[in-house]
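In: Quick one, structure for this:
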Amino acid sequence: MSTGQVEKVEKHVRESHVEMVELVLPNDTNQLGNLLGGRLMHWIDIAAAMAATRHSNHVCVTAAVDEISFFQPIKLGELVILKASVNRVFNTSMEVGVKVFSEKPLTGERTHSNSAFLTFVSIDKEGRPVKSVAIVPDTSDEVRRFEQALFRREQRLKHRAESKRIWSKDKEE
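Out: Okay, the predicted model is just below:
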């Protein structure tokens, strides 16, 4: 590299960590005073994109959202804490996990309210996918997420292939 910097071959999961905090305002809620699912999905995508970019040092785009689980509603006036990090890197794609907590600002009580898994692809200045550096899990929790990410990827690829098969039949009819 002409800048004199050495490009890393691998990075540790902790280097991709992102913690984002949002306040649920009236414009973010539905008629029940709960955070809109779409608003939370937007915040999840932003947190995950930052983690992917932090890992790859490239612009990263969302390729898939595998799962978003809603465990508990988040209420007007609560804080939303989103913790994101890269779980595993494949070739040009990477899985990012996001864990979401709600916090009552007056008591500090936190509740795990949501979890999500997203796939991102690193792209170059021309918009082409680029190979990302490997990820090194250090803690037992990071190793567990690393191993589970492979299972989710296999399921995602099977689902994608089956969807293409079904959609191609629809076009024939």
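In: Look through this protein and tell me its longest helix.
Out: Longest helix in the chain, counting residues (DSSP state H): helix 140-172.
In: What are the phi and psi values at the nearest residue to His55 once chain neighbours are set aside?
Out: Distance criterion CB to CB, 6 or more residues apart in numbering; nearest residue to His55, sequence neighbours excluded, is Ser16 at 4.0 Å. All C-beta spots, glycine's among them, are computed from the backbone N, C-alpha and C. As for Ser16, its main-chain torsions (degrees, to the nearest 10) stand at phi -100, psi -10.
In: If we go by neighbour counts, what in the longest helix of the chain is buried?
Out: For helix 140-172, the buried set under the neighbour-count rule, 16 or more other CB atoms under 10 Å, comprises Glu142, Arg145, Phe146, Ala149, Arg152, Arg153, Arg156.
In: what about Ala51, distance to Val61?
Out: Distance check for Ala51 against Val61: by CB to CB, to the nearest Å, it reads 14 Å.
In: again with Leu157
Out: Distance from Leu157 to Val61, by CB to CB: 18 Å.
In: Could you do Pro137 as well?
Out: From Pro137 across to Val61, the span is 24 Å (CB to CB).
In: So these two - more neighbours on which side?
Out: Using other CB atoms under 10 Å, the more surrounded residue of Pro137 and Val61 is Pro137, with 20 against 14.
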